[in-house]
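Participant: Prediction below, plus the sequence it came from.
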2 protein chains.
Amino acid sequence: MASPSGPIAVVDSGLGGLTVAAALRRALPAEDLVYFGDTAHLPYGNKSADTVFGFIRQIIRFLLPMRPKHLVIACNTATALALPAVTQEFPGLSVSGVIDPGARAAVAAAGSRQVPVIGVIATEATVRSKAYGRAILRRRSMAQVLLRATPLLVPMIEEGRNSEDPLLDMALRQYLKGMLAHRLDVLVLGCTHYPLIQRAIARVTGPKVKLIDSAQQCAQDVVQRLRRKQLLRLPALVGASEAGGSFRGYVTDDPARFAALATRFLQTRVDPPVLVEPGRLHMPDSAAVLRATA
Amino acid sequence: MASPSGPIAVVDSGLGGLTVAAALRRALPAEDLVYFGDTAHLPYGNKSADTVFGFIRQIIRFLLPMRPKHLVIACNTATALALPAVTQEFPGLSVSGVIDPGARAAVAAAGSRQVPVIGVIATEATVRSKAYGRAILRRRSMAQVLLRATPLLVPMIEEGRNSEDPLLDMALRQYLKGMLAHRLDVLVLGCTHYPLIQRAIARVTGPKVKLIDSAQQCAQDVVQRLRRKQLLRLPALVGASEAGGSFRGYVTDDPARFAALATRFLQTRVDPPVLVEPGRLHMPDSAAVLRATA
């Protein structure tokens, strides 16, 4: 059974989930966080559901002995492709993702227009999964949902381009042109990397389009879940900045590169995480071992 | 022992090596080709040497039972990070890569300038490995070698952007600006994807810079190796276009996506390859099995 003393586990293909971890840290400074970035297998955004679920399953098996009180899949692609299967395979695990909270916030922001137009930008795999469309239409059946895969944004952000970069600006204008012609009301940033270029996105959409930060919404959703289940840690009596819970990072490749990118990403120093070799994640279950040795 | 009847194996992280396979097909229409694209783990270009060697080792173990007469690592990153280790671990295997042939051609093209300036554009990992610098300076110690990581080019090409795309043009102008200021003589396209945007690159460099297509050079190198070892198949007596050897493809993720991209990539119809689940590649060797079951 989950206990308030367990850590919150944050799982991502790489760096993007750090925006969720940072939002959790701000909201819940007393909680211990365990972050897992699957850097040997990233990105997930151009891979199939079977493969991404395979990666996520191994990560969860690795994290379970740490007894997380909640596990958040802080990656839109992994949420879209693997969350239902995770819920089924790990019925005792408290688990949530990024898409439902983002869809909920998008519907709330859509306002009173009879058929609001809600856009979503995301990876190729998230778009193909249609998960955002389903989650939005379940809550507001009369919305018009426009999806656009924007596969260059993650590598642009990881290259260190910021909101002032002219190449990023041109890419956003290309990607958003069709949506903006449809009088967009709301745009969901359907990838946890995108909040880092929110200023550039807002410049292209103009002030009338409401932007939904799926990372921020996802973190708020985790806070509410823990509160409902009375699993929040009581903050220490010292000031929040000193009451910090611990942060432990794990990656499947190149801890130094991760630390350098994460430091730039969060604009705060991040120590190198622990390396978990991808081979350890692929440790076969006993049946497979028997087959391999037979 | 290698026999002329064995296939030529072409290994890549995904699609890029298809440019090498296509060049091999044109030069050697009678040969059987086996293509392996590690699409579950792509890209290799932002990963560490240990991880990339781990992937390549598993792929070679999978391919060895097919008795390839030669195996070409048709990926600059994998060549840079794993070729020396592959040579050591599989001493009986005839194996080659992309970097030495590209470096050789670059030096040959550099001409008579006392200190020629040779630029290389490649993935982040290829640049960090310094493999091109070593391979060029071994052949011409007075050259000046300029390296530039160009991580957006692969996702731009896989997104379907061609040489006329304005975003691609702007990215190339940003990436090449510093090099062009140094009076570049030769530019090596140090990634097997890049030949597909050679026209855009030439427009930015201008006609005085000689472009070296590492995929083309790599394929020519394989032809020469097989000829030297008398392992070439005699072309059938029918016309070359009818003498086609077989082509078998294997990928670790999403055969349909691969086939669609490959068809666009090669501008010729490509059938879906066989799916090899990544778990099968990670089959532990017997020592690891003993540890896991002990």
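Facilitator: Perfect, thanks for sending it.
Participant: I'd like the distance between the residue of the stretch 51-200 of chain A found nearest chain B and residue A:216.
Facilitator: Residue of the stretch 51-200 of chain A nearest chain B, by C-beta to the nearest C-beta: residue A:51 (4.6 Å). Using the backbone N, CA and C atoms, a C-beta is placed for each residue, glycine as well. Distance of residue A:51 to residue A:216, computed by C-beta to C-beta, to the nearest Å: 28 Å.
Participant: cool, residue A:128 as well?
Facilitator: Taken as C-beta to C-beta, the span from residue A:128 to residue A:216 is 25 Å.
Participant: okay, these two: which has more neighbours?
Facilitator: residue A:216 (22 against 19; other C-beta atoms under 10 Å in any protein chain shown).
Participant: any idea which helix or strand comes after the helix or strand that the more buried one is a member of?
Facilitator: For residue A:216, the host element (DSSP states H and E) is helix A:214-228. Sequence-wise, the next helix or strand downstream of helix A:214-228 (DSSP H and E) is strand A:247-251.
Participant: then that next one to PDB, C-alphas only?
Facilitator: Listed next in PDB are the C-alpha coordinates belonging to strand A:247-251 (Å, rounded to 0.1, in the frame of the first residue of the first chain):
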ATOM      1  CA  PHE A 247      15.800  14.400  -6.000                       C
ATOM      2  CA  ARG A 248      17.300  11.300  -7.500                       C
ATOM      3  CA  GLY A 249      17.900  11.000 -11.200                       C
ATOM      4  CA  TYR A 250      18.400   7.800 -13.300                       C
ATOM      5  CA  VAL A 251      19.200   7.700 -17.000                       C
END
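Participant: What strands line up against it, and which way round?
Facilitator: On the basis of DSSP bridges, the sheet neighbours of strand A:247-251 come out as strand A:33-37 (parallel), strand A:274-275 (parallel).
Participant: what's it in contact with?
Facilitator: The contact list for strand A:247-251 (C-beta atoms under 8 Å, 6 or more residues apart in numbering or on different chains) reads A:7, A:21, A:25, A:32-40, A:62, A:255, A:258, A:262, A:270-276.
Participant: Which residue ranges of the stretch 101-250 of chain A form helices?
Facilitator: For the stretch 101-250 of chain A, the helices defined by DSSP state H, counting those that start in this stretch cover A:124-129, A:131-139, A:153-158, A:166-180, A:198-205, A:214-228.
Participant: Can you show me the CA trace of stretch A:194-211 as CSV?
Facilitator: C-alpha atoms of stretch A:194-211 as CSV (Å, rounded to 0.1, in the frame of the first residue of the first chain):
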residue,chain,number,x,y,z
TYR,A,194,7.3,22.9,-25.4
PRO,A,195,6.8,25.1,-22.3
LEU,A,196,10.4,26.1,-22.8
ILE,A,197,9.5,27.9,-26.0
GLN,A,198,6.2,29.2,-24.9
ARG,A,199,7.1,32.8,-25.6
ALA,A,200,7.9,32.1,-29.2
ILE,A,201,4.7,30.1,-29.6
ALA,A,202,2.7,33.0,-28.1
ARG,A,203,4.3,35.4,-30.5
VAL,A,204,3.2,33.4,-33.5
THR,A,205,-0.4,32.6,-32.2
GLY,A,206,-1.0,36.1,-31.0
PRO,A,207,-2.7,37.1,-27.6
LYS,A,208,-6.2,35.7,-28.4
VAL,A,209,-5.2,32.1,-28.4
LYS,A,210,-5.0,30.6,-24.9
LEU,A,211,-2.0,28.3,-24.5
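Participant: For residue A:203, grab the count of nearby residues.
Facilitator: 15.
Participant: Per-residue pLDDT of it, please?
Facilitator: At residue A:203, the predicted lDDT confidence score is 98.
Participant: Hmm, it is touching residue A:168, no?
Facilitator: No. Look at residue A:203 against residue A:168 with C-beta atoms under 8 Å: they stay out of range, at 10.2 Å.
Participant: do stretch A:156-171 and chain B meet at all?
Facilitator: Yes. In terms of C-beta under 8 Å from any C-beta of the partner chain, part of stretch A:156-171 sits within range of chain B, namely A:156, A:158-159, A:166-167, A:170-171.
Participant: got a winner among the residues you listed for most neighbours?
Facilitator: residue A:171 (25 neighbours).
Participant: mind listing what the closest residue to that residue other than its chain neighbours touches?
Facilitator: Distances taken as C-beta to C-beta, 6 or more residues apart in numbering or on different chains place residue A:152 nearest to residue A:171, at 5.3 Å, with adjacent residues excluded. For residue A:152, the contacting residues are A:171, B:152, B:155-156, B:159, B:167, by C-beta under 8 Å, 6+ apart.
Participant: my guess is residue A:90 meets residue A:63, correct?
Facilitator: No. Look at residue A:90 against residue A:63 with C-beta under 8 Å: they stay out of range, at 10.4 Å.
Participant: So which of those two has more stuff around it?
Facilitator: A side-by-side neighbour count of residue A:90 and residue A:63, using other C-beta under 10 Å, places residue A:63 first with 19 against 15.
Participant: Quick check on the nearest residue to that one once chain neighbours are set aside: phi, psi?
Facilitator: Excluding its sequence neighbours, the residue lying closest to residue A:63 (C-beta to C-beta, 6+ apart) is residue A:9, at 5.0 Å. Here is the backbone geometry of residue A:9 (degrees, to the nearest 10): phi -100, psi 130.
Participant: and residue A:9, how far is that from chain B?
Facilitator: Remark: distance between residue A:9 and chain B (C-beta to the nearest C-beta, to the nearest Å) = 23 Å.
Participant: on that earlier part again, what angle separates the helix holding residue A:216 from helix A:198-205?
Facilitator: Helix A:214-228 and helix A:198-205 are oriented at 120 degrees to each other (axes from the mean of the first three to the mean of the last three C-alpha atoms, to 10 degrees).
Participant: What residues sit buried inside helix A:214-228?
Facilitator: Buried positions in helix A:214-228, judged by neighbour count with 16 or more other C-beta atoms under 10 Å in any protein chain shown: A:214-223, A:225-226.
Participant: hmm, who's touching that helix?
Facilitator: Contact with helix A:214-228 is made by A:8, A:16-17, A:19-20, A:23-24, A:27-28, A:69-70, A:72, A:74, A:76, A:94, A:96-102, A:104-105, A:188-192, A:194-195, A:232, as judged by C-beta under 8 Å, 6+ apart.
Participant: Just the buried ones from these, in ChimeraX syntax?
Facilitator: Here is the ChimeraX selection string for the buried members of these, based on 16+ other C-beta under 10 Å:
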select /A:8,16,17,19,20,23,24,28,69,70,72,74,76,94,96,97,98,99,100,101,102,104,105,188,189,190,191,192,194,195,232
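Participant: Okay, and which of the contacts of helix A:214-228 map to strands?
Facilitator: Judged by DSSP state E, the contacts of helix A:214-228 include A:8, A:70, A:72, A:96, A:188-189 as members of strands.
Participant: just the residues you listed now: which is nearest residue B:133?
Facilitator: The shortest approach to residue B:133 among the ones in strands among the contacts of helix A:214-228 belongs to residue A:189, at 39.7 Å (C-beta to C-beta).
Participant: picking up where we left off before, can you tell me which of the buried residues of helix A:214-228 comes closest to residue A:121?
Facilitator: Among these, residue A:214 lies closest to residue A:121 (C-beta to C-beta), at 10.3 Å.
Participant: hang on, residue A:46 packs against residue A:127?
Facilitator: No. Taking contacts as C-beta under 8 Å, residue A:46 lies outside contact range of residue A:127: 11.0 Å.
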